[in-house]
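Chemist: need coordinates for the following:
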Amino acid sequence: SPAPRPSPAGRIKPGVVIPGNGIMASGYGHQTSSERDKYYYSASGTSMSSPLTAGCCIIIREYLRKARGVEVPNNSLVKAVLIAGARTLYPGQYTEFEEIANVRPNHMEGHGQVNLRESLMPKEGKMEFFEQTFTATDQAVTNTFEKGAGLDLTVALCWTDPPTASGAAKILINDLDLYVIDPNGTVYTRDDHLNNNEILHLSNTPAGTYKVVVKANSIMQGEITGSVVMNQSRNQSNGLLALAVEPVCKLGADSVELVLTNLEDNCDVTVDCSVSQSSERIYSFSESQVTFTKTKTVTLMADLARS
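Modeler: Coordinates of the predicted model:
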């Protein structure tokens, strides 16, 4: 999305985010100074992020057909799979003055950054789904599934809503509601009557049998299919972790201490150790990767040499 804000009707925009800066794409025939670059070029903007997202949706559709036996996947199911595996960008500065909100969805990252691996093959978890056709108001369906211990849970509901008349007071024509009930009887839901998708992110909830209830709050036109995805993953809310390290080094060897905060005791995190190269100095770490295993601090050796 070029500007972080909701739609004029108050709906969540953008839906998702994805890298769009310096994306390499095929582009035969444009002017270039090298033979290699004749077939490729780099560009930025939504003209690159949109097809990148579309490509991810094509892979999701192919996966549903070939691996999960869905002959003709609904677009609502593809969308539910996509947003259920998206990762939060929080904490991270969106602009100089605005911090990304820590609750999703929001008007800066939508449902988060697309993460195809987590959508289809979540770490140490699984992706399940079901669909139901709704024809009347108050119609409801209940499904159960088993949630594993120590896993984060995301449940996403999507449906395709017909277009409304321009200037209509009610934007959403057909309205579905999502409820998740944990083994202790706690009910989770969202009071959302604007968007044609609802999503719940649950962390630190008990293992056991969960119920997913979808109820038709209002069916005003035709029939609709609600697509529900249950995505379980270890530390799903953390997503990818990036650390920027700028050590103060002297000639010879020095040590660099990496510190992670809010790291759960049962969480293993692997950090890629990369450094920037200036015109004066080159830094190199003794290890290209380091794994935090039930610890919050790791010390690396950093060698400093004149370039």
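Chemist: which stretches of this protein form helices?
Modeler: With DSSP state H as the criterion, the chain has helices at 46-66, 75-84, 116-120.
Chemist: which parts of the last one are buried?
Modeler: By that I understand helix 116-120. Within helix 116-120, the residues that count as buried by 16 or more other Cβ atoms under 10 Å are 116, 118-120. From N, CA and C alone the C-beta is placed, and that goes for glycine too.
Chemist: what do you get for the longest one?
Modeler: Taking 16+ other Cβ under 10 Å as the neighbour-count basis, helix 46-66 is seen to contain the buried residues 48-49, 53, 56-57, 60-61, 63-64.
Chemist: can you tell me which of the residues you listed is nearest residue 15?
Modeler: residue 53 (8.8 Å; Cβ to Cβ).
Chemist: isn't the closest one right up against residue 20?
Modeler: No - the criterion here is Cβ atoms under 8 Å, and residue 53 misses it with residue 20 at 9.3 Å.
Chemist: so for residue 124, what's the pLDDT?
Modeler: Per-residue pLDDT puts residue 124 at 81.
Chemist: spit out the contact partners of it.
Modeler: With contact set as Cβ atoms under 8 Å, 6 or more residues apart in numbering, residue 124 has these partners: 148, 151, 233-234.
Chemist: switch the cut-off to 7 Å
Modeler: 233-234 (Cβ atoms under 7 Å, 6 or more residues apart in numbering).
Chemist: cool, residue 91 as well?
Modeler: Taking Cβ under 7 Å, 6+ apart, we find residue 91 in contact with 99-100.
Chemist: for it, give its distance to residue 101.
Modeler: Per Cβ to Cβ, to the nearest Å, residue 91 is found 10 Å from residue 101.
Chemist: and for residue 171?
Modeler: Separation of residue 171 from residue 101 (Cβ to Cβ) stands at 22 Å.
Chemist: again, but for residue 84
Modeler: In terms of Cβ to Cβ, residue 84 sits 19 Å off from residue 101.
Chemist: so between those two, which is more surrounded?
Modeler: residue 84 (30 against 16; other Cβ atoms under 10 Å).
Chemist: thought that one was touching residue 119?
Modeler: Yes - Residue 84 is within contact range of residue 119, at 6.4 Å (criterion: Cβ atoms under 7 Å).
Chemist: any stretches of the stretch 151-300 of the chain with poor pLDDT?
Modeler: Counting by pLDDT under 70, the ranges of the stretch 151-300 of the chain that qualify are 235-300.
Chemist: what does the pLDDT read for the nearest residue to residue 225 once chain neighbours are set aside?
Modeler: Nearest residue to residue 225 in three dimensions, chain neighbours excluded: residue 133, at 5.1 Å (Cβ to Cβ, 6 or more residues apart in numbering). You'll see residue 133 listed with a pLDDT of 96.
Chemist: can you count the residues close to residue 133?
Modeler: Neighbours of residue 133 using other Cβ under 10 Å come to 10.
Chemist: then residue 137?
Modeler: For residue 137, the neighbour count with other Cβ under 10 Å is 13.
Chemist: do residue 135 as well
Modeler: The number of residues packed around residue 135, counting by other Cβ under 10 Å, is 10.
Chemist: how near is it to residue 74?
Modeler: In this view, residue 135 and residue 74 are 16 Å apart by Cβ to Cβ.
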